[in-house]
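Participant: Here is a sequence with its predicted model. Questions after.
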Amino acid sequence: MTITETTDGKKTKKRVPILVWLWVNLLTLPFRLLSLFVSSRHKYFEVTHSEWTDWYPFPSDGHKIERKIITETGFDGCIKFYHLRTSDKKINSLLTNKIFGDFHWEKDYGIFLRQFDNPDDWPISYLVFIDTTDFSFHRLKKVNSSWPTWKYEGINDTDFNIITEYTDTYTTRLTIKK
């Protein structure tokens, strides 16, 4: 499996004048120093009352995966972190004690997911692959995308794209060739 990352379109960067940047950094220096002594963990909304629910869509011939929200963040709770489980004991053992996002795509040879080490590491995540032929877990690519809803885009029977970032001016995609 080969993975290439491409950005289509133009990713614009807005430059800040150096004097403005220097003034803002000097002004915020006391607060940044204070934050070293205060807990630097994000304030996520712990979801303790969540139930296990079916994760749709899953293929009719694929694995039934259930998910449970463990925490969420964002202005409207749009960024959610899940624990996953399935009735297949071998796959379930690979999912145990791991945190996943909203992305899931299943092929006949395995399952692609978005994994997080910790919600505090947001937006850094990993495209992971569970090989259903030998029941192994692989981290394929580290991704620094804050776009919460990755998308699958088919190219042909064996190749496809996973769109990890989309705006009006550019799109970042991982092209996976088997």
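Facilitator: The structure has been received and is ready for your questions. This one's a predicted model, so the numbers in the text were calculated from it and none came from an experiment.

Participant: Now stretch 98-108: buried residues?
Facilitator: Within stretch 98-108, the residues scored as buried using 16 or more other CB atoms under 10 Å are 99-107. Where C-beta positions appear, they are placed from N, C-alpha and C, glycine not excepted.

Participant: what's the single longest helix in this structure?
Facilitator: Across the chain, the longest stretch assigned as helix under DSSP state H is helix 18-37.

Participant: Show me what it is in contact with.
Facilitator: Helix 18-37 has contacts (CB atoms under 8 Å, 6 or more residues apart in numbering) with no other residue.

Participant: quick one: which of the buried residues of stretch 98-108 is nearest residue 63?
Facilitator: Relative to residue 63, the closest of the buried residues of stretch 98-108 is residue 106; by CB to CB it sits at 6.7 Å.

Participant: In this structure that closest one contacts residue 112, no?
Facilitator: Yes - assessed by CB atoms under 8 Å, residue 106 is found in contact with residue 112 at 7.5 Å.

Participant: Give me the common contacts of the two.
Facilitator: Common contact partners of residue 106 and residue 112 (CB under 8 Å, 6+ apart): none.

Participant: Who does residue 84 form a beta bridge with?
Facilitator: Beta-bridge pairing for residue 84 (DSSP bridges): residue 67.

Participant: Quick one: find the helix or strand in the chain with the lowest mean pLDDT.
Facilitator: One helix or strand of the chain scores below all others by mean pLDDT, DSSP states H and E: strand 45-46, with a mean of 58.

Participant: quick one: low-confidence ranges for this structure?
Facilitator: For the chain, the stretches with pLDDT under 70 are 5, 9-14, 38-48, 56-62, 75, 170.
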